[in-house]
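**Student:** A structural model of the following input is requested.
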Amino acid sequence: MELIRGTSTPEVWLAACEYLEKQPDHEDYDVFLHVTNPSPLSRADAMVLKGVDDFLTNHGGASINTVAETIFPLQDYLRGGKKAVFDTYPERMKKIHAVRKDRQWGNYAMRILRQKDRDGTIYNPLKDLLKKIQDHGEYKATFELGRGHAMDGIETELHDLEKGGDDIAIYDGAADRRPMYGHLPCLMHLSVKLDHGTIRINATYRSHYYVQRLLGNLIGLARLQYFLAHEAGLEIGPLTINSTYAKLDTGEGKWRMRDIKELLAESRQLYAVKDAA
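**Tutor:** Next comes the predicted model:
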């Protein structure tokens, strides 16, 4: 168990990876990451971000933006506002999933945008969550959101239910309790809190690969945080992650531990240059 604090998402990513690099088997349980200022990036942060992105794409991994977009579709939001997030993105994902064998791709975002209630109606958890924040911003943590059921397909009907809150459960027992690996979601739960005019997010991960996923996850969650704060007229607060199992991974053999150590050393050097200046 470890608590790692930092100002930015790349800074916390680096400290967390350095911590795991020193652990037996390069893994640990209940690693808590706390980012005090998730959205802005310094020049050194941007350089570290680019270095990690180049490393991943050059070694056959997914880009940071690709991972981030599976949590929150920022590109749609920037092009068309919240309507594009609530309506355009799910329609696009329906077409993408129609031609993909892996229909779990992008499923984090879809689970916070489309869920099925027990009576079969479709609702939008993120839309309900935003409305509750806008309507009841004087409360901090008094709302609960019915989880509904993970969807077998991508349905587009919206039905606003008179329920909502500040918790979004990604794991659904009906769909997720049987798979042991691969299709089981790693992001399990999102909790949003209001703290004196700021939006805080706390995310729980079942299993967390720190090289191929963590930085993209941090960026994606920060984008979701930005969306909620911007739409509700609030400020962005801290972002906290609990990696219940954390692993410094080799990308299923795409890179070696030696490559990871070189990446971490190069990233640390970028911050050392900033501090020296």
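
**Student:** where exactly do the helices run in the stretch 101-250 of the chain?
**Tutor:** For the stretch 101-250 of the chain, the helices defined by DSSP state H, counting those that start in this stretch occupy 107-113, 125-135, 173-176, 214-232.

**Student:** okay, these in a markdown table with mean pLDDT next?
**Tutor:** Converted to a markdown table, the helices of the stretch 101-250 of the chain look like this (pLDDT from 0 to 100):
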| stretch | mean pLDDT |
| --- | --- |
| helix 107-113 | 81 |
| helix 125-135 | 90 |
| helix 173-176 | 46 |
| helix 214-232 | 96 |
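
**Student:** alpha carbons of the helix or strand harbouring Pro10, as PDB, please.
**Tutor:** Assessed by DSSP states H and E, Pro10 sits inside helix 9-21. What follows is helix 9-21 as a C-alpha-only set of coordinates in PDB (Å, rounded to 0.1, in the frame of the first residue of the first chain):
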ATOM      1  CA  THR A   9      -1.000  13.900 -14.100                       C
ATOM      2  CA  PRO A  10       2.400  13.200 -15.800                       C
ATOM      3  CA  GLU A  11       4.200  14.000 -12.500                       C
ATOM      4  CA  VAL A  12       2.100  11.500 -10.500                       C
ATOM      5  CA  TRP A  13       2.300   8.900 -13.300                       C
ATOM      6  CA  LEU A  14       6.100   9.100 -13.200                       C
ATOM      7  CA  ALA A  15       6.300   8.900  -9.400                       C
ATOM      8  CA  ALA A  16       3.900   5.900  -9.300                       C
ATOM      9  CA  CYS A  17       5.900   4.000 -12.000                       C
ATOM     10  CA  GLU A  18       9.200   4.700 -10.100                       C
ATOM     11  CA  TYR A  19       7.600   3.400  -7.000                       C
ATOM     12  CA  LEU A  20       6.500   0.100  -8.700                       C
ATOM     13  CA  GLU A  21       9.900  -0.200 -10.400                       C
END
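
**Student:** next SSE after that helix?
**Tutor:** That would be, after helix 9-21 and using DSSP H and E, strand 27-35.

**Student:** low-confidence stretches in this protein?
**Tutor:** Low-confidence segments of the chain (pLDDT under 70): 97, 100-107, 142-184, 274, 276-277.

**Student:** which residues of the stretch 151-277 of the chain fall in strands?
**Tutor:** Under the criterion DSSP state E, counting those that start in this stretch, the stretch 151-277 of the chain contains strands at 167-169, 187-195, 198-205, 208-209, 235-247.

**Student:** okay, those, which one's buried deepest?
**Tutor:** strand 208-209 (a mean of 22; mean count of other Cβ atoms under 10 Å). Where you see a C-beta, it was placed from the backbone N, CA and C, and this is true even at glycine.

**Student:** tell me what that strand is packed against?
**Tutor:** Judged by 3 or more Cβ pairs under 8 Å, 6 or more residues apart in numbering; DSSP states H and E, the packing partners of strand 208-209 are strand 235-247.

**Student:** so which elements touch the strand it packs on?
**Tutor:** helix 9-21, strand 27-35, strand 198-205, strand 208-209, helix 214-232.

**Student:** in this structure Glu266 contacts Gly51, no?
**Tutor:** Yes. At 6.1 Å, Glu266 counts as touching Gly51 under the criterion of Cβ atoms under 8 Å.

**Student:** could you export the helix or strand Met93 falls within as PDB, CA atoms only?
**Tutor:** For Met93, the host element (DSSP H and E) is helix 89-98. In PDB, the C-alpha atoms belonging to helix 89-98 read as follows (Å, rounded to 0.1, in the frame of the first residue of the first chain):
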ATOM      1  CA  TYR A  89     -20.700   9.900 -29.500                       C
ATOM      2  CA  PRO A  90     -23.100   7.000 -28.700                       C
ATOM      3  CA  GLU A  91     -24.400   7.000 -32.300                       C
ATOM      4  CA  ARG A  92     -20.800   6.900 -33.600                       C
ATOM      5  CA  MET A  93     -19.800   4.100 -31.200                       C
ATOM      6  CA  LYS A  94     -22.800   2.100 -32.400                       C
ATOM      7  CA  LYS A  95     -21.500   2.200 -35.900                       C
ATOM      8  CA  ILE A  96     -17.900   1.400 -34.700                       C
ATOM      9  CA  HIS A  97     -19.100  -1.600 -32.700                       C
ATOM     10  CA  ALA A  98     -21.100  -2.900 -35.600                       C
END
